[in-house]
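A.B. asks: okay, sequence plus prediction incoming.
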Amino acid sequence: MNKEAGKSYTVKEATLKLMQYCAYRDRSQKEVEDKLLEMRMIPAAREEIIIKLMQEDFLNEERFARSFVRGKFRIKKWGRYKIQQELKAREISSPIIKMAMTEIEESVYTTTLYELAEKKLNLLSEEDKFKLKKKLGDYLIRKGYESSLVYEVTEDLIQV
């Protein structure tokens with residue numbers, strides 16, 4: 001249990017705490033709402049705080065979504081599908097998701113997919129080319145890449 005569970009906050013204290021929370025890294029509105037619930041703030045106070053955070057640009061869904069897309073793609077090498085699912089889970093609206101996905105350049109996406117596939121292929125020890133293709137394909141699908149692209153890459157890298 002966290003040490004602040006019993007503490008009660010004024011709107012001002014909670015607002016300052018959440019400004020720090022949002023300044024540390026971009027947050028989604030859902031994360032902020034969950035934090036406010038955890039702080040046991042009443043609905044009217046939660047709404048007031050969220051509006052203030054948005055007005056002062058501590059909370060910006062589009063900025064959050066764009067940095068989320070960049071981070072998950074560049075650092076974790078996730079595919080579009082997995083990134084979109086994660087954004088939906090964070091209750092980001094479809095138009096914002098669509099806008100955020102423009103952060104991924106098509107050429108970089110394809111290059112990353114090939115690099116990921118080649119790296120994984122070097123780690124797999126499988127004699128049967130069909131099994132090898134399946135293992136590689138399954139891995140890339142789990143990383144969130146579209147099945148049509150995965151098929152293309154596995155066909156390209158593993159000739160049967």
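C.D. replies: Noted; the coordinates are in hand.
A.B. asks: poorly predicted segments of this structure, please.
C.D. replies: Along the chain, segments meeting pLDDT under 70 span 1-6.
A.B. asks: can you rerun that using 80?
C.D. replies: 1-7, 160 (pLDDT under 80).
A.B. asks: state which helix of the chain is the longest.
C.D. replies: Counting residues, the longest helix found in the chain (DSSP state H) is helix 106-123.
A.B. asks: ok now it, how far from the chain's centre?
C.D. replies: Centroid displacement of helix 106-123 relative to its chain, using C-alpha atoms, centre = their mean, to the nearest Å, is 19 Å.
A.B. asks: what comes up buried for that helix?
C.D. replies: Residues of helix 106-123 classed as buried by neighbour count (16 or more other C-beta atoms under 10 Å): Tyr109, Thr112, Leu113, Leu116, Ala117, Leu121. Placement of C-beta: from N, CA and C, glycine included.
A.B. asks: how about residues contacting it?
C.D. replies: 73, 77, 79-80, 132, 136, 139-140, 143, 145, 149-150, 153-154, 157-158 (C-beta atoms under 8 Å, 6 or more residues apart in numbering).
A.B. asks: please repeat the previous calculation with a cut-off of 10 Å.
C.D. replies: 73-74, 77-80, 104-105, 132-133, 135-137, 139-140, 143, 145-146, 149-150, 152-154, 156-158 (C-beta atoms under 10 Å, 6 or more residues apart in numbering).
A.B. asks: repeat that for stretch 74-84.
C.D. replies: Under C-beta under 10 Å, 6+ apart, the answer for stretch 74-84 is 65, 68-73, 85-86, 92, 94, 97-98, 100-101, 103-104, 108-109, 112-113, 115-116, 119, 140-147, 149-150.
A.B. asks: select only the buried ones of those residues in PyMOL?
C.D. replies: Burial among those is assessed by 16+ other C-beta under 10 Å; the matching PyMOL selection reads:
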select buried, resi 65+68+69+72+73+86+92+97+100+101+103+104+109+112+113+116+140+141+143+144+145+149+150
